[in-house]
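>>> return atomic coordinates for the entry below.
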Amino acid sequence: MGQIDLLKIILGAAAFFAVGMVWYGVLFGKVWKRAIGRSEEDDFSGERPIWLVFGLTFAFALLISLTLAHQFAMSTPSVRAMMMISVGYGLMLMVPAVGIRYLYLNAPWKVFAIDAGFFVTAMAAMGAVFVLMR
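Residues are numbered from 1 along each chain as shown. Presented below is the predicted three-dimensional model:
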């Protein structure tokens with residue numbers, strides 16, 4: 001097994017996090033909030049401290065990035081394979097997991113579509129970091 005590079009893991013998680021900021025901020029923030037029954041002005045500050053939400057989100061992104069780093073360390077995949085694996089994690093693992101959860105929550109399909117798109121895009125961004133730092 002190859003070496004795991006901590007910088008790649010951190011930057012991969014940062015890319016994942018940055019996609020989330022754009023995705024749930026400027027791109028789909030208002031639509032997503034309406035779809036989950038929140039007002040556009042709602043900043044979620046009444047539930048959990050925002051530093052905790054962002055901190056745990058980044059910690060989870062680090063775990064995802066570490067998993068991807070382990071996958072790539074097991075062999076020397078091509079750029080194409082790295083991107084296929086990265087997007088595949090989003091499309092074939094994360095999206096179905098979220099989909100199952102949302103079925104039981106009876107969540108609106110619009111919420112599922114926005115969240116599914118985020119996971120696939122964020123995994124592509126994370127994979128791109130690993131590709132660029134090969």
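>>> tell me the secondary structure at residue 3.
coil (DSSP: H, G, I helix; E, B strand; the rest coil).
>>> how far away is it from residue 116?
Using Cβ to Cβ, to the nearest Å, we find residue 3 at a distance of 33 Å from residue 116. (C-beta placed from N, C-alpha, C; glycine too.)
>>> compare those two (neighbour count), which wins?
A side-by-side neighbour count of residue 3 and residue 116, using other Cβ atoms under 10 Å, places residue 116 first with 19 against 7.
>>> my read is that the more buried one contacts residue 93, right?
No - here residue 116 does not reach residue 93: they are 11.7 Å apart, not a contact under Cβ atoms under 8 Å.
>>> tell me who's in contact with residue 123.
16, 64, 86-87, 89-91, 94 (Cβ atoms under 8 Å, 6 or more residues apart in numbering).
>>> between those residues, which sits nearest residue 134?
residue 86 (12.8 Å; Cβ to Cβ).
>>> tell me which element residue 96 falls in.
helix 95-105 (DSSP states H and E).
>>> from the contact counts, what lies against that helix?
Where contact means 3 or more Cβ pairs under 8 Å, 6 or more residues apart in numbering; DSSP states H and E, helix 95-105 is packed against helix 109-132.
>>> give me the low-pLDDT residue ranges for the protein?
Along the chain, segments meeting pLDDT under 70 span 1, 43-46.
>>> swap in 90 and give it another go.
Scanning the chain with the threshold set as pLDDT under 90 gives 1-3, 37-50, 53, 75-76.
>>> count of neighbours near the closest residue in space to residue 120 that isn't next to it in sequence?
With sequence-adjacent residues excluded and distances taken as Cβ to Cβ, 6 or more residues apart in numbering, residue 120 is closest to residue 90, at 4.0 Å. If you count neighbours by other Cβ under 10 Å, residue 90 ends up with 23.
>>> just checking, residue 90 touches residue 119?
Yes - if you go by Cβ under 8 Å, residue 90 and residue 119 touch, sitting 4.5 Å apart.
>>> quick revisit: which of the contacts of residue 123 sits closest to residue 58?
Nearest to residue 58 among the contacts of residue 123, with distances taken as Cβ to Cβ, is residue 16, at 8.6 Å.
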